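Chemist: sequence plus the predicted model coming up.
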Amino acid sequence: MIAVLGLALALWGLGHLLRSPVRLRLTMIGFLWLAVVGLHLLLPDGHPLRLATGTSAQVWLVLGGVLAFVLGYRSLLGRLRARADKTVAPEPTPPGKMSAPELERYARHIMLREIGGAGQKRLKAARVLVIGAGGLGSPALLYLAASGVGTIGVMDDDTVDATNLQRQIIHSDDRIGLPKVQSALEAMKALNPYVTLRPYQRRLDAASAAVLDDYDLILDGSDNFDTRYLANQLAVAAKKPLVSAAITQWEGQISVYDPAQGGPCYECVFPARPAPGMVPTCAEAGVASPLPGIIGAMMAMEAVKVLTGAGESLRGRLMIYDALYAEARVIGMKPRADCPICAARP
């Protein structure tokens, strides 16, 4: 019996050295146990192999039963704990107030003079819609959730693809094939359970104007000009500030378009769409992996400033960032008198 137990320990130790999964090691020991029990049941009394492995099959059966009970009990406890972790939700707090865990979570924000407790409360009360859960939307959504924006909507009609994972950091390999809005919600909820998340698995269209009415701020991280111009038109009509950004290859640009506060709209600055082929998409021309992270994080930063009133936003200014040469420049912008979008503003 001692020899069999020694062999079992040797198998476990070898598996540990080889970094084999625990399940595989237990399987190997289970086969050893079956072999020993089989020897006792098939060989006659007094056989040398039976003597070498103990005198009774009952002993091995009892030992195996005890071990199976212990492992099963541990597995059951693990599953119950995992289920409890998933189902336990944060205790609700009265409107306008933050719970003790939230105060601890946002302590570094509250310490900032420009945000403080009042600014964090404004973030908690804010509602932000992000159009696009791709390269720009990924970091923007994560940082909005981490910042404690109370309600975050995400609109996208696409699904996660393997080619997205090079830059769309909110998604993961095990969520390939899922709708991007669902994948994004899983990541944000895992990051911060204290935010309310709203998925919109659709493409932005004219009917989405009603959706924009539910939000205080719009972030556009889309990858095509039709969506950018439509997002601008709907945001202007709804009198909502719009943080819009775009990237290609090594360069990105970002601004805050807010005609309701005296700034230009997107179409004031870009009155005409580029000719087909003049501005290739990321799929056509490629994009450096960290670039959308940089610009997307800037989008979240602008959102935090707009919502809290901290600092000076990019309203009326366009920032252009060249990652290849580590250069950034800011260009002043003004409303265009003949802009049809601003002229139609209520």
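Modeler: Great, that's in hand.
Chemist: quick check on residue 218: phi, psi?
Modeler: Dihedral pair for residue 218: phi -120, psi 130, per degrees, to the nearest 10.
Chemist: for residue 130, pull up the helix or strand it's in.
Modeler: Residue 130 is part of strand 127-131 when elements are defined by DSSP states H and E.
Chemist: show me what that strand is packed up against.
Modeler: helix 137-147, strand 151-155, strand 217-220 (3 or more Cβ pairs under 8 Å, 6 or more residues apart in numbering; DSSP states H and E). Bear in mind the C-beta positions are built from the backbone N, C-alpha and C, glycine included.
Chemist: let me know which of those is tucked in deepest.
Modeler: strand 217-220 (a mean of 27; mean count of other Cβ atoms under 10 Å).
Chemist: per-residue pLDDT of the nearest residue to residue 253 once chain neighbours are set aside, please?
Modeler: Nearest residue to residue 253 in three dimensions, chain neighbours excluded: residue 320, at 4.9 Å (Cβ to Cβ, 6 or more residues apart in numbering). Looking at residue 320, its pLDDT is 98.
Chemist: ok, residue 320 touching residue 247?
Modeler: No. Using Cβ atoms under 8 Å, residue 320 is not in contact with residue 247, being 11.0 Å away.
Chemist: between the two, who's got more neighbours?
Modeler: residue 247 (24 against 14; other Cβ atoms under 10 Å).
Chemist: surely that one forms part of a strand?
Modeler: Yes. Secondary structure of residue 247 (DSSP: H, G, I helix; E, B strand; the rest coil): part of a strand.
Chemist: okay, and the beta partners of it?
Modeler: For residue 247, the beta-bridge partners are residue 252 (DSSP bridges).
Chemist: related to what we said a few turns ago, report the buried residues of the strand or helix carrying the residue nearest to residue 253.
Modeler: Assigned by DSSP H and E, residue 320 belongs to strand 317-322. For strand 317-322, burial by neighbour count (16 or more other Cβ atoms under 10 Å) applies to 317, 318, 319, 321.
Chemist: now those residues in JSON lines, please, with extra columns for distance to residue 254.
Modeler: What follows is the buried residues of strand 317-322, written out as JSON lines (distance: Cβ to Cβ, whole Å):
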{"residue": "317", "distance to residue 254": "10"}
{"residue": "318", "distance to residue 254": "8"}
{"residue": "319", "distance to residue 254": "5"}
{"residue": "321", "distance to residue 254": "8"}
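Chemist: between the residues you listed, which sits nearest residue 333?
Modeler: Nearest to residue 333 out of the buried residues of strand 317-322 is residue 318 (Cβ to Cβ; 5.6 Å).
Chemist: residue 334 is in contact with that closest one, correct?
Modeler: No. Shown here, residue 318 and residue 334 do not form a contact pair, counting by Cβ under 8 Å, at 11.2 Å.
Chemist: sheet-wise, list the partners of the helix or strand that comes right after the strand holding residue 320 with their directions.
Modeler: For strand 317-322, the succeeding helix or strand toward the C-terminus, using DSSP H and E, is strand 327-332. Neighbouring strands of strand 327-332 in its sheet, by DSSP bridges, are strand 317-322 (antiparallel).
Chemist: distance from the partner strand to the middle of the chain?
Modeler: 26 Å (Cα atoms, centre = their mean, to the nearest Å).
Chemist: can you list contacts of it?
Modeler: 250-255, 269, 294-295, 298, 327-333 (Cβ atoms under 8 Å, 6 or more residues apart in numbering).
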